[in-house]
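S.K.: how does the following fold in three dimensions:
(one chain, ligands or ions: 1)
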Amino acid sequence: MRLLLMGPPGAGKGTQAAVIAERFAVPAISTGDIFRANVAEQTALGVAAQAYMDAGEYVPDEITNAMVADRLAGGDCADGFLLDGYPRTPQQVAELDAILDRVGVGLDAVVLLEADTDELVGRLLARSQEQGRADDTESVVRRRLEVYAAETGPLADHYAERDLLARVDGLGQVHEVTERILTVLTSAAAQRTATSAP
Ligand code: ADP
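M.R.: Down below sits the predicted model:
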């Protein structure tokens, strides 16, 4: 299973990615988590990424693409993966396509988790109280939502044109959202089997 989980900040990608990846026994790869771990360790990658993250801006594509290419080359990704928070720009879409083309595989599905802006802001501000993430202040939260709407939202159309996109309502209990995702993935898998049958 090769999956992408897309959606605005606060939609619940990280929470759902962990559950879905476990269900399909594939690694959940979150670019945000990898960046945060590198910032915490103050590696060269972390130092390069930190100012962008703190401002709610995307880390430049060259840095992000190199990191993801390296991660997907890991042996644990050979049979599948779930990418959470990548790709977010057209250049990242192109890089992911190139990586997959090189090994002759394709994506199985792209899940877009949706929620309205007020709900997202509320969740992110609540999370900032609990976790104290540096980029969860109100002004940075609003900037992250703007950047998402401008740069990443439009990518959904691209995957819809390829017939890979499944939109899922991100409102409700965690387990309800998980069930919705599993339902769309099951029907995507069934459709794929039907269309690839002789
Ligand atoms: P969220 O999507 O909720 O804003 P993430 O944890 O996924 O949070 O990402 C946190 C930050 O890490 C982003 O605001 C951005 O600076 C950086 N980042 C994560 N993924 C990418 C990506 N694919 N491209 C560029 N920057 C990214």
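S.K.: contacting residues around residue 21?
M.R.: Shown in contact with residue 21 (CB atoms under 8 Å, 6 or more residues apart in numbering): 27-28, 81-82. To be clear about C-beta, it is placed using only N, CA and C from the backbone, and glycine gets the same treatment.
S.K.: please narrow the residues you listed to those residing in strands.
M.R.: 28, 81-82 (DSSP state E).
S.K.: show me where this protein has strands.
M.R.: 2-6, 28-30, 81-84, 109-114, 165-169.
S.K.: tell me which other helices or strands the third one touches.
M.R.: Strand 81-84 makes packing contacts with strand 2-6, helix 13-24, strand 28-30, helix 31-41 when contacts are defined by 3 or more CB pairs under 8 Å, 6 or more residues apart in numbering; DSSP states H and E.
S.K.: make TSV out of the strands of the chain and add mean pLDDT and mean neighbour count.
M.R.: Below are those laid out as TSV (pLDDT from 0 to 100; neighbours: other CB atoms under 10 Å):
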stretch	mean pLDDT	mean neighbour count
strand 2-6	97	24
strand 28-30	98	21
strand 81-84	98	25
strand 109-114	97	22
strand 165-169	96	18
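S.K.: I'd like those strands as a markdown table, with distance to the ligand appended.
M.R.: Conversion of those to a markdown table gives the following (distance: least, CB to the nearest ligand atom, whole Å):
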| stretch | distance to the ligand |
| --- | --- |
| strand 2-6 | 10 |
| strand 28-30 | 6 |
| strand 81-84 | 7 |
| strand 109-114 | 11 |
| strand 165-169 | 16 |
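S.K.: if I look at the residue of the chain found nearest the ligand, how far off is residue 38?
M.R.: Closest residue of the chain to the ligand, CB to the nearest ligand atom: residue 32 (2.0 Å). Here residue 32 is placed at a distance of 11 Å from residue 38 (CB to CB, to the nearest Å).
S.K.: before we move on, what about residue 24?
M.R.: 26 Å.
S.K.: do residue 128 as well
M.R.: Taken as CB to CB, the span from residue 128 to residue 38 is 21 Å.
S.K.: show me where the chain has helices.
M.R.: 13-24, 31-41, 44-55, 61-72, 90-103, 117-131, 138-147, 155-161, 174-196 (DSSP state H).
S.K.: what's in contact with the fifth one?
M.R.: Okay, so that is helix 90-103. Contacts for helix 90-103 (CB under 8 Å, 6+ apart): 2, 61, 64-65, 68-69, 72, 83, 86-87, 106-107, 155, 158.
S.K.: one more: the longest one?
M.R.: Under the criterion CB under 8 Å, 6+ apart, residues 1, 3, 12, 15-16, 19-20, 23, 108-109, 111, 113, 164, 166, 168-171 lie in contact with helix 174-196.
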